[in-house]
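Student: here's a sequence, model it:
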Amino acid sequence: MLMTAQDLLPKVLEKSGLLKAKRHLFLCLGPDCCSPELGQASWDFLKEQVKNHDLLVMRTRAACFRICSQGPILVVYPEGIWYGRVTPERLKRIIEEHIIHGQPVSEWIISENSLG
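Tutor: Numbering: from 1, shown residues only. All right, here's what the predicted structure looks like:
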């Protein structure tokens, strides 16, 4: 029997991590705010860290946040913290301090907007 999209939805939601996620991380990979290579390196590192730390987060990559400066840019919701120049080295600290321990890394924040 062929499964419909509606039949698959519960499995897809579970696999995506959406049902357990505590945060959603959006990463802009450029190309106008940073080199595509740096954007991809940051994305690859983020994916690896989410998996290695078994973090309860959703992650989404984006091509442009229309900031076009200081990229790669990471946005963390629900807090609405926007980080600039998010290299793999910076991501390591952001994940440890903000995502795991709940303390944003203030010196790299370029904006805050919780949408609340």
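
Student: secondary structure class of the residue nearest the centre of the chain, three-state.
Tutor: Closest residue to the average C-alpha location of the chain: Leu25 at 2.4 Å, with Cα atoms, centre = their mean. Classification of Leu25 using DSSP: H, G, I helix; E, B strand; the rest coil returns strand.

Student: tell me which helix or strand the residue lying closest to it once chain neighbours are set aside sits in.
Tutor: For Leu25, ignoring the flanking residues on the chain, the nearest one in space by Cβ to Cβ, 6 or more residues apart in numbering is Arg59 at 4.7 Å. (Glycine included, C-beta is placed from N, CA and C.) Assigned by DSSP states H and E, Arg59 belongs to strand 57-62.

Student: how close does the closest residue to Pro88 other than its chain neighbours get to Val86?
Tutor: Nearest-residue entry for Pro88: Phe45, 3.8 Å, with adjacent residues in sequence omitted and distances by Cβ to Cβ, 6+ apart. For Phe45, the distance to Val86 (Cβ to Cβ, to the nearest Å) stands at 9 Å.

Student: of these two, which one has the most company?
Tutor: Higher neighbour count among Phe45 and Val86: Val86, with 26 against 19, using other Cβ atoms under 10 Å.

Student: that one reaches Ile73, doesn't it?
Tutor: Yes - using Cβ atoms under 8 Å, Val86 is in contact with Ile73, at 6.5 Å.

Student: joint contacts of the two?
Tutor: Common neighbours of Val86 and Ile73 (criterion: Cβ atoms under 8 Å, 6 or more residues apart in numbering): Leu27.

Student: one step back: so the residue nearest to Leu25 makes contact with Phe45?
Tutor: No - using Cβ under 8 Å, Arg59 is not in contact with Phe45; the gap is 11.3 Å.
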